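Participant: coordinates only, sequence not included:
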């Protein structure tokens, strides 16, 4: 599976991440249809401390959604132990995404069968031309 994300969706994630207080993460929901991102919705990060995210969001059963959160500098686009634990708690979090602010990089991850590690998924970013 290769996920496709339009450049404007990546730009929306980038802009959302830039709005965060220093050290804080942002969180959003990507709506996916046929392995293509069709929308990005900003969500409220309910975490009270830097370097964390906590989200309570309504899910539509007729939509496939992927949660994306940011890692502020100097973080990378790789999942932390906390990210893996968060994803492992809920079956619909099998695929999640991390936007690295410092590297301007978006990475999608799929939990491995043991749900203790994740493998990076290929992604295609569409550039308007």
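Facilitator: Yep, that arrived. This structure is a prediction, so every number in the text was calculated from the model and none was measured.

Participant: any idea how far apart the tips of stretch 34-52 sit?
Facilitator: 30 Å (CA to CA, to the nearest Å).

Participant: give me the buried positions along it.
Facilitator: 37, 40, 43, 45, 52 (16 or more other CB atoms under 10 Å). The C-beta positions use only the backbone N, C-alpha and C, and glycine is treated the same way.

Participant: equivalent analysis for stretch 53-65, please.
Facilitator: Buried residues in stretch 53-65, counted by 16+ other CB under 10 Å: 53, 64-65.

Participant: tell me the strands in this protein, going along the chain?
Facilitator: For the chain, the strands defined by DSSP state E cover 3-6, 27-33, 36-43, 64-71, 95-100, 105-111, 118-121, 123-126.

Participant: so can I have JSON lines of the ones you listed showing mean pLDDT and distance to residue 83?
Facilitator: Output for the strands of the chain, formatted as JSON lines (pLDDT from 0 to 100; distance: least, CB to CB, whole Å):
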{"stretch": "strand 3-6", "mean pLDDT": "94", "distance to residue 83": "18"}
{"stretch": "strand 27-33", "mean pLDDT": "95", "distance to residue 83": "11"}
{"stretch": "strand 36-43", "mean pLDDT": "95", "distance to residue 83": "16"}
{"stretch": "strand 64-71", "mean pLDDT": "94", "distance to residue 83": "8"}
{"stretch": "strand 95-100", "mean pLDDT": "96", "distance to residue 83": "7"}
{"stretch": "strand 105-111", "mean pLDDT": "96", "distance to residue 83": "8"}
{"stretch": "strand 118-121", "mean pLDDT": "96", "distance to residue 83": "8"}
{"stretch": "strand 123-126", "mean pLDDT": "91", "distance to residue 83": "17"}
